[in-house]
Each structure stands twice: as structure tokens, then as C-alpha cells.
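**Student:** Compute the structure for the input listed below.
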Amino acid sequence: MSHPPATSSTDNDVQVRTLLRGLPSLKGPYEPVDWAAFPATPQVAFVNWLRDAIAATEANARPYEPHAMTVSTVDAEGFPDARVLILKNVDARGWHFAAKADSPKGRQLQANPACALTFYWSPLGRQVRIRGKARLLPAEERAADFLARPIASRVSALASPQSEVMSSDETAAKEELVRRTREAQALFDEDPDYVSPGWYLYVLNPTEVEFWQGAEDRQHGRLRYVRIENESGPVPPTWKKESLWP
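**Tutor:** Numbering: from 1, shown residues only. Down below sits the predicted model:
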């Protein structure tokens, strides 16, 4: 595909702006949402919307991953960091996701558990935003999650020092990865139930969950759940629902 050459940075800025302005957004039509009928907890509401997103994917046969989410963390300097991960589970405790302990996100969460998740389901014009703190789940749950991964994914997780700088020598870097992969594969050949001690499974315990339904006329719908802690002890929290301006 060819692109028209830009004669200056200003021309290029205009071209990019025009390109972006020409892209459609929120074209709908979308199903109306009965906000008054939303359940008492955001977990149940989320699973309902997740099922809708999965059904929309299956109906349209699109290369679309409704369980993909953006996970945002904060580094030591206070800068936000974000990446796309796969949702592992949702239960009364919150939203589950995995991370390698020595990865940037793993190190950031160990230093600062503040975290946010964002889901965007474009076929439905829906977004869910979740804020809270990530908590490390027990070792048996981490092990079960690791062993549920395909063997190739387990090998890769063990072999690759995620996000570390590779050798500038491309050949040497490839040879190093091949060596690491071979060693990891040999370990699993010897012990198929081996669990990497650096495989962490987190649950995001939410304080706020916002559901957003886009609209073609830009009169978007928003509903926010705010957690109210129970002072009587470790019982499930209650949730206050708030309608928000578009």
C-alpha cells in the first residue's frame, strides 16, 4: 500500500489529522441498556456484559478477543504503565490476571498494588473501567493457573526474561533464546507438573467499577459502582450505584 509523500512536518500533521478525522467511531446501532435493572454487584454486571461480548464475537466471526483487557500500573517514578493481558477469572474477590514476578508489571505491583483494568468491546460500543488494588493469590491457585496453560506457553514463560534488553547481536540473541527454550523444555519433559515459582496470579479487588455504553448521538450512558466497606468485619462489601453524566 502506497502513501502520498509529505513535503514537510506540517503537511504530515495535516494528513494524519485528516486521516484520523475520517475514521468512523461509535457507528452503532446499539441495543438500549436498562441501567435500573443492573444487579447488586459489579461482578455479576460484568459477567453479563462479557457474555454479550462473547456472543457478538461468535455472531460476527470477527478476530476479536472479548477477554482482552488493558492492565495499568504505576512505576517507581509515578509514571503510569499499561499493557494488554487476558482476563483469567471473575469472582466475588475481583478480576484475576497473571504476571511474571520479574516482569515490569510484576515488579511494579509488588512495589505499588494500585492498579486499573479497562475493557473495550467495540462491536457493542461498551467499555468497563475498574480501579482498585491487586492482591497476590495463594500458591495453589497460582500453580493451577500455570498448569492450565498450554505446554508451549509454560516453556516460553520460563525461558524468556520478559522485557529485558536482548543482545545487540541478533544471531547471539536468537541462540540464547534457543538455548533457554531447550533447557526449559527439558525441565518440563522431566517433570510435566513443574510450576515456575515466578508465576504470579493476582486478583484486582475493586473500589470502583464504571460501565459505559456508547451512543451514536454521544449521549453516552454511564453507571458506576462504588464499594462501601462493612465495618462489622470480613463480610462481602456492599455497592452503591451512581448514574453519571455522559
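
**Student:** CA atoms for contacts and neighbours, from now on please.
**Tutor:** Noted.

**Student:** counting contacts, what elements does the lengthiest strand in the chain pack onto?
**Tutor:** In the chain, ranked by residue count with DSSP state E as the criterion, the top strand is strand 199-213. Using 3 or more Cα pairs under 8 Å, 6 or more residues apart in numbering; DSSP states H and E as the contact criterion, the secondary-structure elements in contact with strand 199-213 are strand 94-100, strand 126-136, helix 139-147, strand 221-228.

**Student:** I'd like the distance between the residue lying closest to L201 once chain neighbours are set aside and A134.
**Tutor:** The spatially closest residue to L201, leaving aside those adjacent along the chain, is A98, at 4.4 Å (Cα to Cα, 6 or more residues apart in numbering). When Cα to Cα, to the nearest Å is the yardstick, A98 and A134 sit 11 Å from each other.

**Student:** Okay, now the sheet partners of the longest strand of the chain, with direction.
**Tutor:** Counting by DSSP bridges, the strands paired with strand 199-213 are strand 94-100 (antiparallel), strand 126-136 (antiparallel), strand 221-228 (antiparallel).

**Student:** Columns distance to G198, mean pLDDT and mean neighbour count on top of the ones you listed, output as TSV?
**Tutor:** Supplementary listing: the strands paired with strand 199-213 in TSV, determined by distance: least, Cα to Cα, whole Å; pLDDT from 0 to 100; neighbours: other Cα atoms under 10 Å:
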stretch	distance to G198	mean pLDDT	mean neighbour count
strand 94-100	6	97	20
strand 126-136	12	98	20
strand 221-228	31	97	18
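
**Student:** right, so of those strands, which gets closest to P29?
**Tutor:** P29 sits nearest to strand 126-136 of all the strands paired with strand 199-213, at 12.2 Å, using Cα to Cα.

**Student:** hmm, back to that, list just the one of the strands paired with strand 199-213 that sits closest to P113.
**Tutor:** Among the strands paired with strand 199-213, the nearest to P113 by Cα to Cα is strand 126-136 (5.0 Å).

**Student:** where does L85 fall, helix, sheet strand or coil?
**Tutor:** For L85, the secondary-structure state derived from DSSP: H, G, I helix; E, B strand; the rest coil is strand.

**Student:** got a list of what it touches?
**Tutor:** Contact partners of L85, counting by Cα atoms under 8 Å, 6 or more residues apart in numbering, are 68-71, 97.

**Student:** Name the member of those residues with the most neighbours.
**Tutor:** Neighbour count (other Cα atoms under 10 Å) singles out M69 as the most crowded of the contacts of L85, with 22 neighbours.

**Student:** That residue contacts W121, doesn't it?
**Tutor:** No: with contact taken as Cα atoms under 8 Å, M69 and W121 are classed as non-touching, separated by 9.8 Å.
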